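*Asks:* my questions concern the predicted model and sequence given below.
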Amino acid sequence: MTDVTTGGDPGAAYLIRGVRVVGAEPTDLLLAGGVVAEAGHGLAARGARVVDGDGLVALPGLVDLHTHLREPGREDAETVESGSRAAALGGYTAVCAMANTSPVADTAGVVEQVWRLGREAGLVDVQPIGAVTVGLAGERLAELGAMAESAARVRIFSDDGHCVADPRLMRRALEYVKAFDGVIAQHAEEPRLTEGAQMHEGEVSTRLGLTGWPAVAEEAIIARDVLLAEHVGSRLHVCHLSTAGSVEVLRHAKKRGVRVTAEVTPHHLLLTDERAASYDPVFKVNPPLRTAADVTALRAALVEGIIDIVATDHAPHALEDKECEWAYARPGMLGLETALSVLLDVLGERWDLIAERMSRTPARIAGLAEHGRNPAPGVPANLTLVDPAARRTIDPGEQASRSRNTPYAGLTLPGRIVATFLRGEPTVLDGKAVR
Ligand code: DOR
Ligand code: ZN
């Protein structure tokens, strides 16, 4: 029996001994042929490499519905490969890549390119998101059908980074994707209400003298869009919901049976607008960090299920775009490598809830049938092993991302990803990327 300490072994079978699977007693899991071949006590290794699962929790591989990979165009900030590695290290087996690349992912050609790069990297499944409008300009619908029919089989469309502000275009987009059960993921920000905004509009912005981004700019778009989604009978997903008021709009819509889902980011669950007082641009993000009352409401809504999922909005930025004056810095923060630890910090060891919000539901929204399934015989072996007892201090220099803009630098957070498997092949072992 060999204990796996370093390196992967493509094609090999893996026996994970004595691991806690969510909602069950510790068990052995044999991964072979890309699936969980067997589960049970005292499984024989039969040539499989053995991973000691004692004290570890096996979660279905995490699924991120909102990742910025920056390729094509800003490979200095992130590539599909570096972002995929960051994702695997964070326990992810699938990520949805946002369309605000350069060129924008608004054609079959670009989404196929991103999809192919993801396959070549082979560390997580990269599912491209297509732009709603040409060039994210908010004027003409992009080739949604061609992207849906491409090899990338796009199902989620988003102008994220920008709001689809024109209600007529939003309506048409919802109508268009209804035919193939697609989803419009909206970055909810009424642009006329956020002109020149630098941070959340409230007491802190007044004190600092910075132009505010009012909560109502988000809430007004969500209210409009749930009504449009109801009218059309189509699926709407709300990106990075950030205010207590948005939760109430969503609650109302869900009660009416609107086909709407919503995500919250780890940073909106942990950090508040007080961080802007440091003028450290690492805390600049869109939508901005909100108040402590908003954070409390977002946490409660996530537990209750009004907010369906956690999505990272992993937004890598090159040094020159972040290490400058607050006003000139780009908004966005890294998220993939720290998301699970932040959620453990926020929720505690509520494993079933974490599996639901970070894997099963995002997989269902994105239509990724191979992901988001509890490890059990016959299920694709997409899973991650977490050591809940470990604590780690976040060091930006140790991130696999090409960028360094983590807002958690120096913070000690619970949990460590020990191993991640994609279709039975390890992408992370002993806390290290295999490739
Ligand atoms: O903070 C953000 N950064 N929010 C967005 O909507 C876009 C993202 C980015 O692309 O950097
Ligand atoms: Zn966004």
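*Replies:* That came through, no problem. Ligands and ions are numbered 1, 2, ... in the order given.
*Asks:* quick one: the helices in the stretch 251-400 of the chain, in order.
*Replies:* 266-270, 292-304, 319-322, 339-347, 351-355, 361-366 (DSSP state H, counting those that start in this stretch).
*Asks:* pull up the residues of the stretch 151-300 of the chain that are close to ligand 1.
*Replies:* Proximity of the stretch 151-300 of the chain to ligand 1, by C-beta under 6 Å from any ligand atom, involves residues Asp160, Gly161, His187, Val285, Asn286. All C-beta spots, glycine's among them, are computed from the backbone N, C-alpha and C.
*Asks:* again, only this time at 8 Å
*Replies:* By C-beta under 8 Å from any ligand atom, the residues of the stretch 151-300 of the chain that approach ligand 1 are Asp160, Gly161, His162, His187, Cys239, His240, Lys284, Val285, Asn286, Pro287.
*Asks:* near the last one, how many other residues are there?
*Replies:* Just to be clear, that refers to Pro287. By other C-beta atoms under 10 Å, the residues close to Pro287 number 25.
*Asks:* which ones are touching the closest residue in space to it that isn't next to it in sequence?
*Replies:* Leaving out its chain neighbours, the residue that sits closest to Pro287 by C-beta to C-beta, 6 or more residues apart in numbering is Ser242, at 4.3 Å. Contacts for Ser242 (C-beta atoms under 8 Å, 6 or more residues apart in numbering) come out as Ala215, Glu218, Val264, Thr265, His268, Pro287, Pro288, Arg290, Asp294, Leu298.
*Asks:* of all the residues you listed, which two lie farthest apart?
*Replies:* Farthest-apart pair in the contacts of Ser242 is Ala215 and Thr265; separation 15.8 Å (C-beta to C-beta).
*Asks:* what's the longest helix in the protein?
*Replies:* If you go by DSSP state H, the chain has its longest helix at helix 215-232.
*Asks:* helices and strands around the next helix or strand after it, which ones?
*Replies:* Going down the chain from helix 215-232, the next helix or strand is strand 235-238, by DSSP states H and E. On a contact count with 3 or more C-beta pairs under 8 Å, 6 or more residues apart in numbering; DSSP states H and E, strand 235-238 meets helix 167-178, strand 183-186, helix 215-232, strand 260-264.
*Asks:* what residue in the stretch 301-435 of the chain comes nearest to ligand 1?
*Replies:* Taking C-beta to the nearest ligand atom, ligand 1 has its nearest neighbour within the stretch 301-435 of the chain at Gly332, 3.1 Å off.
*Asks:* just give me the neighbour total for that residue.
*Replies:* 24.
*Asks:* hang on, Ile307 packs against Val264?
*Replies:* Yes: with contact defined as C-beta atoms under 8 Å, Ile307 reaches Val264; the gap is 4.9 Å.
*Asks:* where do the contact lists of those two overlap?
*Replies:* Joint contacts of Ile307 and Val264 (C-beta under 8 Å, 6+ apart) are Leu241, Leu298, Ala301.
*Asks:* by neighbours, which of these wins?
*Replies:* Counting by other C-beta under 10 Å, top hit in those: Leu241 with 27 neighbours.
*Asks:* how about that residue, phi and psi?
*Replies:* When read as degrees, to the nearest 10, the backbone of Leu241 gives phi -60, psi 140.
*Asks:* from ligand 2, how far off is it?
*Replies:* Separation of Leu241 from ligand 2 (C-beta to the ion, to the nearest Å): 11 Å.
*Asks:* enumerate every residue touching that residue.
*Replies:* Ala188, Glu218, Ile222, Val247, Leu250, Ala262, Glu263, Val264, His268, Leu298, Ile307 are the contacts of Leu241 under C-beta under 8 Å, 6+ apart.
*Asks:* out of the residues you listed, which comes closest to ligand 2?
*Replies:* In terms of C-beta to the ion, no member of those lies closer to ligand 2 than Ala188, at 8.7 Å.
*Asks:* can you give me the distance of the closest one to Asp181?
*Replies:* For Ala188, the distance to Asp181 equals 22 Å [C-beta to C-beta, to the nearest Å].
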